[in-house]
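[1] no letters, just coordinates:
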């Protein structure tokens with residue numbers, strides 16, 4: 001036998017909800033929801049701007065968790081089928097109870113960023129981009145084994161980047177893009193270099209096996 005097996009894969013789900021190839025119902029639905037999310041975050045920022053809520057954000061505005069918010073519930077209901085489709089790829093033997101935790105908003109203006117962090121206590125995390133102008137800051141994911149153990153070959157020059165030789169992986173945000181990833185995965189958001197605000201809507205997911 002002479003083979004290479006790619007083991008311990010890290011899933012990164014990226015879905016553009018308003019692209020031309022997307023289902024027309026999804027495109028129309030997300031367009032409507034996105035407008036309402038934008039209006040809500042502007043209202044929340046005005047109401048909560050006096051609060052110093054700093055988590056991973058370096059500058060910008062980080063809202064409090066949205067408790068029992070109808071629009072947040074509408075968004076969760078809208079993305080549920082997509083989340084379930086992603087989870088089916090894991091081939092869980094037993095039924096899984098999926099709990100969507102309270103979401104939050106982040107506004108990053110020019111010069112703002114988010115330092116490296118994880119979302120401990122959850123299984124998966126989702127970020128949805130309400131507004132994402134050009135050069136507003138990539139979300140960057142980091143190879144956990146490199147961070148913890150310092151493998152030297154990740155620093156070598158490569159002719160091409162792929163999953164086997166990368167210590168980090170960046171995703172350039174676009175408006176109406178949804179990114180779902182394991183909550184244990186280290187990630188950061190690079191500095192917003194544009195003159196416009198980047199607005200994201202994020203939430204965590206917990207899974208429970210039902211036997």
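    Received, thanks. Please read these numbers as outputs of a predicted model, since none were measured by experiment.
[2] tell me the mean pLDDT for the longest helix along the chain?
    Ranked by number of residues, the top helix in the chain under DSSP state H is helix 24-48. Averaged across helix 24-48, pLDDT comes to 91.
[3] that one: which residues count as buried?
    26, 27, 29, 30, 33, 34, 37, 40, 41, 44, 45 (16 or more other C-beta atoms under 10 Å). Backbone N, C-alpha and C define where each C-beta goes, glycine included.
[4] adding distance to residue 167, write the residues you listed out as TSV.
    Shown next, in TSV, are the buried residues of helix 24-48 (distance: C-beta to C-beta, whole Å):
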residue	distance to residue 167
26	34
27	36
29	37
30	33
33	36
34	33
37	33
40	37
41	33
44	36
45	35
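[5] pairing partners for the residue nearest the centre of the chain in the sheet, please.
    In the chain, the centroid-proximal residue (C-alpha atoms, centre = their mean) is residue 127; its distance is 2.9 Å. Note on residue 127: beta-bridge partners residue 179, residue 202, judged by DSSP bridges.
[6] gap between it and residue 158?
    Distance, residue 127 to residue 158, by C-beta to C-beta, to the nearest Å: 27 Å.
[7] where exactly do the helices run in this protein?
    Using DSSP H, helices in the chain cover 24-48, 70-88, 144-149.
[8] give the other helices and strands that the first one contacts.
    When contacts are defined as 3 or more C-beta pairs under 8 Å, 6 or more residues apart in numbering; DSSP states H and E, helix 24-48 sits against helix 70-88, strand 104-108, strand 124-131, strand 198-210.
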